[in-house]
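1. Got a predicted model here, sequence first, then my questions.
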Amino acid sequence: MTTPSQPAGSAARDSIRSLLQPSGSAGDAIKSLRTLFVWAMLAYVAAILFFEFFRWVLPTGYSSTFASRSANADFTTLTTLALPLVAVLLATVVQPALGIGKLACLAALGLYVFMLFFDGITFLIGLGSVFDGVGSASGSLSVLAYVVIGLFDLVWVVLAGFAVFKIFTAIGGKLNVGNAAPVA
């Protein structure tokens, strides 16, 4: 907030100056950037999932059928799995905890629900395309690899989402699903 003696833009210049000046430790140096990092990580994953969704839905030259695009869709990469959890840990576990901790948890939970739903759907639809190629030992091995890796992808999403949910409830967050109708 500016005082009458300060020009309107001086508060913004002061905050930028404080970001650029050297501080006492590495922790102090990034403390003011934590909120930016949290939102950048969550936005990056959201952008990856957004473009992966359209890559899956829209036909391309190399995979023309919906089943083959489903088999090749990859909503659960190491980046999309890890960054929301890292963002939540950065916002809530690193002290002092940020005020956006609950909101970051909700955003990460939303990303994990999106991943779980679409990775599950593409896994099931892609089975048709993968089983179409069974006719040899290598084809059978490809099917086995698709099923095992696909199931592990889903397990990783559930584990990461559960960890974020536990953090969310530990910091006082509640998910209100709705109230049951009173019994007469």
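-> Here it is on my side, so go on.
2. Need phi/psi at Gly110.
-> Here is the backbone geometry of Gly110 (degrees, to the nearest 10): phi -60, psi -40.
3. in the protein, which segments are predicted with low confidence?
-> Within the chain, the segments meeting pLDDT under 70 span 1-30, 62-63, 133, 139, 178-184.
4. could you say what helices and strands the helix ranked longest in it packs with?
-> For the chain, the helix with the greatest residue count under DSSP state H is helix 137-170. Helix 137-170 sits against helix 78-92, helix 101-132, with contacts defined as 3 or more CB pairs under 8 Å, 6 or more residues apart in numbering; DSSP states H and E. All C-beta spots, glycine's among them, are computed from the backbone N, C-alpha and C.
5. For stretch 148-163, buried residues please.
-> Buried residues in stretch 148-163, counted by 16 or more other CB atoms under 10 Å: Gly150, Asp153, Leu154, Trp156, Val157, Ala160, Gly161, Ala163.
6. Ok, stretch 120-132 next?
-> For stretch 120-132, by 16+ other CB under 10 Å, it's Gly120, Thr122, Phe123, Ile125, Gly126, Leu127, Ser129, Val130, Phe131.
7. ok, back up a step: now distance to Tyr44 too, for the helices and strands packed on helix 137-170, in JSON lines please.
-> Formatted as JSON lines, the entries for the helices and strands packed on helix 137-170 read as follows, by distance: least, CB to CB, whole Å:
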{"stretch": "helix 78-92", "distance to Tyr44": "6"}
{"stretch": "helix 101-132", "distance to Tyr44": "10"}
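8. Relative to Leu58, which of the ones you listed is closest?
-> helix 101-132 (13.9 Å; CB to CB).
9. and that closest one with helix 78-92, angle?
-> Interaxial angle of helix 101-132 relative to helix 78-92 (axes from the mean of the first three to the mean of the last three CA atoms, to 10 degrees): 170 degrees.
10. Give me the distance from helix 101-132 to the chain's centre.
-> The chain centroid and the centroid of helix 101-132 are separated by 10 Å under CA atoms, centre = their mean, to the nearest Å.
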